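1. Quick check, what structure comes out for this input:
(one chain, ligands or ions: 1)
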Amino acid sequence: MCGIVGYVGPRQAALIVLGGLKKLEYRGYDSAGVAVLHANGGIEVERAVGKLSNLQERLYQKPLVGTIGIGHTRWATHGGVTEFNAHPHVGRNGRVAVVHNGIIENYAELRQEMAAEGISFNSETDTEVAAHLVDGYLAGGADLLTAVQRTLPAIQGASAFVFLSPQEPESLVVARLGNAGGIVIGIGDGEMFVASDIPAILEYTRNVIFLENRQMARVTRAGVAIFTFEGKPVQARVHTIPWDPVSAEKGPYRHFMQKEISEQPRAITDTIRGRVDFHRGRVVLDSVPLTPSEAQKLDRVIIAACGSSYHAGLVGKFMLETLARVPVEVDYGSEFRYRNPLITPTTALLAITQSGETVDTLAAMEAGREYGAKLWSIVNVIGSQAHRLADGYILMQAGLEIGVATTKAFTASLVDLYLLALHLGQLRETLPAEVLRRAVNDLARLPDLVGRVSEPLPIYDELAEIFFKREHFLFLGRGLNYPVALEGALKLKEISYIHAEGYPAGEMKHGPIALIDEVMPVVTVAPRDNVYDKMISQMEQVKARNGTVIGLLQEGDEIARSKADYVLEVPAAPQFLAPVLNIIPLQWLAYAMAVRRGADVDQPRNLAKSVTVE
Ligand code: F6R
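-> The predicted structure is shown next:
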């Protein structure tokens, strides 16, 4: 969580930093702040609680002048949401300012030791200890890089920092310790950028370096010098990011979520492009290198992921077990490492993560590595940790996703899981050629089918108008559509703050049926698939108890329609690709409800796009 930005070059730093923070606001929006080195040699700081617009207003009233600066948008962990706790934090002698993403786990001890030495604190944050430590070394005569290098061994826990010091007015020093989200260094022409995520700097450069764990860098106008924490110089690779800067803008859309739901046909097309040989009827996934014999020896795939990516993993289990005949377990990234899993060198651990920086998912990958598993990832952000840690990966090709609630990355990951299942099926020889050919043809039709549900329809607003005051929703699905029900419920609850539960429809009678009344709407995901009859009887059971059914149904299904009070339609789709279509109307429904309730769609309270704390 938290977004950090730095700039050094000829332009006004505060403006560039503020612009970068705007692109990172999805990472946290409890407070924000900027520090700039003034020409008179002092650090000038401006901070404000709440959205970035509050800080922007302050900077408008009182501009910060200077061409080197740092900024931060906060997702509060240690210390309440106050201006005192907002970053940047300044060291005890005013010799350094710092912005920080992550958690200093031993901050209480460090703080106690410093307090005993008479150092007073201006905030309740963990970050301030780092500012005081670096400041102390600077006061002792160290240069900024050395002061940071001496400070880092004292710090426990995953953290990313950017430091700015009047003692060294030409440089920023950046450090990355563990998996607290990335640090990307953007290379401009006579200017350099630092950020926790690519969108912040995409307007200025697409040439970037990703700082690795336990690396630090001195960034000046002229370039960057990277070192290990031990001081050994590092030759870093420069990546060119293919994303278009326009993708970081809302354009004619009111919200990023609306834009990103609409972008799904293109995201799905890009996800399939180049990975399917339509002529030979085969999937081509060179980025997951595996020989037929390795594939045949696979004893298990463990999928580790969080939130929506976990729901995608539940769909993936169906795909992989059916098509590649390999046992699959799906676990929350946050649970996996606490359960002493059974892993062998012929197990594959598959991480699914849009950001590639979710700390719990990365921890699961590390645990997988320790146990000797093959590491694979399905990941959207190029150069992210989950991309770089993996032995084999599939890049989602969803494009930049900014809305905090994931939409297009979710459907892209479903398609990637399907590609992976077909790839493994080919290698393990579990798929007859005609099944493979049909699957490949189905993929060719998918973008068109997705296009048919990606436009907003009046029914979403009509339903929002009817139901926006309801406090509870139930989502039911079975089989492949049970994870769709979970995801539909998650979308609704996270952006509209309506309590919503996803449930396997067959479990209704074991408890949740007691909740059915005339007030709580029940969304049933009931396309014509192998559990269709069961879903119809579930809808009847809800109706028999005076419940209200919103049926997500196949176009033209008059039987199911007669059991529902309201209907959302999807075109008929092949079995494994149906979840890709079925979730989209539920994304639109959640969006319409959130808009009708006046909620902040792109930045729901308490959430952040990349969850880089445990
Ligand atoms: C929900 C949502 C989250 C993420 C979760 C994992 O809309 O976006 O539940 O899916 O935080 O994030 P990634 O996929 O980046 O690891």
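2. rest of the way, CA atoms for contacts and neighbours
-> Fine.
3. Which residues are in contact with whichever residue of the stretch 401-550 of the chain sits closest to the ligand?
-> For the stretch 401-550 of the chain and the ligand, the shortest gap (CA to the nearest ligand atom) falls at Ala405, measuring 3.4 Å. Ala405 makes contacts with Met257, Lys491, Glu494, Ile495, Asp602, Lys609, as judged by CA atoms under 8 Å, 6 or more residues apart in numbering.
4. would TSV of those with neighbour count and pLDDT be doable?
-> Listed next are the contacts of Ala405 as TSV, based on neighbours: other CA atoms under 10 Å; pLDDT from 0 to 100:
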residue	neighbour count	pLDDT
Met257	25	95
Lys491	26	97
Glu494	21	94
Ile495	24	94
Asp602	23	85
Lys609	24	64
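5. Among the residues you listed, which one lies nearest to Glu124?
-> Comparing these against Glu124 with CA to CA places Lys609 closest, at 24.3 Å.
6. in the stretch 1-150 of the chain, which spans are helices?
-> Using DSSP state H, counting those that start in this stretch, the helices found in the stretch 1-150 of the chain span residues 13-24, 52-61, 107-116, 127-139, 144-151.
7. out of these, nearest to the ligand?
-> Nearest to the ligand, of all the helices of the stretch 1-150 of the chain, is helix 13-24, at 14.1 Å by CA to the nearest ligand atom.
8. show me where the stretch 401-550 of the chain has strands.
-> For the stretch 401-550 of the chain, strands defined by DSSP state E, counting those that start in this stretch occupy the ranges 472-477, 499-504, 521-526, 548-554.
9. same question for stretch 362-375, mean pLDDT?
-> Stretch 362-375 comes out with an average pLDDT of 92.
10. Redo the helices of the stretch 1-150 of the chain as CSV? Include mean pLDDT.
-> Converted to CSV, the helices of the stretch 1-150 of the chain look like this (pLDDT from 0 to 100):
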stretch, mean pLDDT
helix 13-24, 93
helix 52-61, 92
helix 107-116, 93
helix 127-139, 96
helix 144-151, 97
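11. and those as a markdown table, adding mean neighbour count and distance to the ligand?
-> Listed next are these as a markdown table, based on neighbours: other CA atoms under 10 Å; distance: least, CA to the nearest ligand atom, whole Å:
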| stretch | mean neighbour count | distance to the ligand |
| --- | --- | --- |
| helix 13-24 | 25 | 14 |
| helix 52-61 | 16 | 21 |
| helix 107-116 | 15 | 26 |
| helix 127-139 | 24 | 24 |
| helix 144-151 | 21 | 29 |
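12. which one of those lies closest to Glu455?
-> helix 13-24 (25.4 Å).
13. for the ligand, what are the nearby residues on the stretch 451-600 of the chain?
-> Lys491 (CA under 6 Å from any ligand atom).
14. what ranges of the stretch 401-550 of the chain fall below the confidence cut-off?
-> Applying pLDDT under 70 to the stretch 401-550 of the chain flags no residue at all.
15. can you give me the helices in it?
-> In the stretch 401-550 of the chain, the segments counted as helices under DSSP H, counting those that start in this stretch are 408-428, 433-451, 458-467, 482-496, 532-544.
16. Include distance to Glu321 when you put these into CSV, please.
-> Formatted as CSV, these follow (distance: least, CA to CA, whole Å):
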stretch, distance to Glu321
helix 408-428, 8
helix 433-451, 15
helix 458-467, 35
helix 482-496, 16
helix 532-544, 21
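17. Hmm, Glu329 is touching Ile303, no?
-> Yes: using CA atoms under 8 Å, Glu329 is in contact with Ile303, at 6.1 Å.
18. the more surrounded of those two?
-> Legend: neighbour count by other CA atoms under 10 Å for Glu329 and Ile303, higher for Ile303 (29 against 16).
19. Which residues does the helix or strand that contains that one contact?
-> Assigned by DSSP states H and E, Ile303 falls within strand 300-305. Contact with strand 300-305 is made by 310, 313, 326-333, 336, 346-353, 360-361, 364-365, as judged by CA under 8 Å, 6+ apart.
20. Out of the residues you listed, which sit inside helices?
-> In this view, those that belong to helices under DSSP state H are Tyr310, Gly313, Gly333, Phe336, Asp360, Thr361, Ala364, Met365.
21. Only whichever of the residues you listed are buried, select them in ChimeraX.
-> Here is the ChimeraX command that picks out the buried ones among the ones in helices among the contacts of strand 300-305, judged by 16 or more other CA atoms under 10 Å:
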select :310,313,333,336,360,361,364,365
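22. sorry, back to before: out of the helices of the stretch 401-550 of the chain, nearest to Arg92?
-> The closest of the helices of the stretch 401-550 of the chain to Arg92 is helix 482-496. By CA to CA, the value is 40.1 Å.
23. So what touches the closest one?
-> Under CA under 8 Å, 6+ apart, the answer for helix 482-496 is 308, 311-312, 314-315, 405, 473-477, 498-505, 524-525, 579, 582-583, 586-587, 589-591, 593-595, 597, 599-602, 604.
24. Could you report the pLDDT at Ile268?
-> 92.
25. That one and Arg445 touch, don't they?
-> No: checked against CA under 8 Å, the pair Ile268 and Arg445 is beyond contact range at 10.7 Å.
26. Pick out whichever of these two has more residues nearby.
-> A side-by-side neighbour count of Ile268 and Arg445, using other CA under 10 Å, places Ile268 first with 28 against 13.
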